[in-house]
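Chemist: okay, predicted coordinates and the sequence, questions at the end:
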Protein chains: 2
Amino acid sequence: MAMKKKVKARYDVRAKVVKAMAHTTRLFIVDELAKGPRCVCELTEMVGDDISTVSRHLSVLKNAGLVFDEKQGTSVFYSLHCRCILDFFSCLESVIKINAKEQAELAK
Amino acid sequence: MAMKKKVKARYDVRAKVVKAMAHTTRLFIVDELAKGPRCVCELTEMVGDDISTVSRHLSVLKNAGLVFDEKQGTSVFYSLHCRCILDFFSCLESVIKINAKEQAELAK
DNA sequence: GACCTTGTTTGCTATTTTGCCAAATAGCCA
DNA sequence: TGGCTATTTGGCAAAATAGCAAACAAGGTC
């Protein structure tokens, strides 16, 4: 009658990862971490939100298994867990480009 | 001081697409549409939610430019706008697999 | 037209997500 | 130890989402 439990569970796992990415700031952070490890205060500086907010975003990403952290002195450096996340961005760009083209088409 | 407007705008556009995918049911729907066009009632049957809920999910996907709809008699068929969305799933699976492996490693 | 069937929209409530501030924690250094 | 810096966590209010049910719309059929 409804989505089977097993099937639902599979999509739940996927959704967890997608949800972790589903925020402007977190997308920015992931992209930034692609360039290398960054500490919370560096990211905070770039993002411009309160440090507690940035820390919270990072914990969301960490919780989804997208990043990991390492303590170095009093700082905490975050890194991408797996560069395959970056494929996301190319997927995204394709979708966005195609939509833009479509939009332009309709505007004619 | 904060993320520059232009940069933020770019990530906002991306986030909109990711957010549209950030739901168990919507991920399921996208995957199902990969197999071909489906009408709302078919999807409703599979998902098991109220038809109004499914309709709303579809409008979210449509609004993000991920799907489009065509009326056929009294039914409305939805289709994937661009198959490149499916690359998302392979990205997701990579991430999930790697995390699972890591988990197993830690459990040792 | 009356009446289905299929979908969309609206109203409403419940839940989740955001993001700031303040308090708590942890590592350094004097 | 005290004080300073970097980060996390708890509390809380505002905003966004989710999902049901009822009202509404649009195509068919008789």
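Modeler: Everything's here; your move. Not measured: the values here are computed from a predicted model.

Chemist: now the longest helix along chain A: buried residues?
Modeler: Identified as the longest helix of chain A according to DSSP state H is helix A:85-107. Neighbour counts over helix A:85-107 (16 or more other Cβ atoms under 10 Å in any protein chain shown) mark A:85, A:87-89, A:91-92, A:95-96, A:99 as buried. Using the backbone N, CA and C atoms, a C-beta is placed for each residue, glycine as well.

Chemist: where in chain A is pLDDT low?
Modeler: Counting by pLDDT under 70, chain A has low-confidence residues at A:1-2.

Chemist: contacts for stretch A:101-108?
Modeler: B:65, B:81 (Cβ atoms under 8 Å, 6 or more residues apart in numbering or on different chains).

Chemist: relative orientation of the longest helix of chain A and helix B:85-107 in degrees?
Modeler: If you take axes from the mean of the first three to the mean of the last three Cα atoms, to 10 degrees, helix A:85-107 sits at 160 degrees to helix B:85-107.

Chemist: quick check, the helix or strand hosting A:Lys8 touching DNA strand C?
Modeler: For A:Lys8, the enclosing helix or strand under DSSP states H and E is helix A:5-21. Yes. On the criterion Cβ under 7 Å from any atom of the strand, helix A:5-21 is in touch with DNA strand C at A:Lys19.

Chemist: so A:Asn99 is in contact with B:Cys84, correct?
Modeler: No. Counting by Cβ atoms under 8 Å, A:Asn99 does not reach B:Cys84; the two are 11.1 Å apart.

Chemist: shared neighbours of those two, anything?
Modeler: Counting by Cβ under 8 Å, 6+ apart, A:Asn99 and B:Cys84 have no contacts in common.

Chemist: measure A:Ala15 to chain B for me?
Modeler: As judged by Cβ to the nearest Cβ, to the nearest Å, A:Ala15 and chain B stand 4 Å apart.

Chemist: same deal with A:Arg10?
Modeler: For A:Arg10, the distance to chain B - Cβ to the nearest Cβ - is 9 Å.

Chemist: ok, how many other residues are close to that residue?
Modeler: 18 (other Cβ atoms under 10 Å in any protein chain shown).
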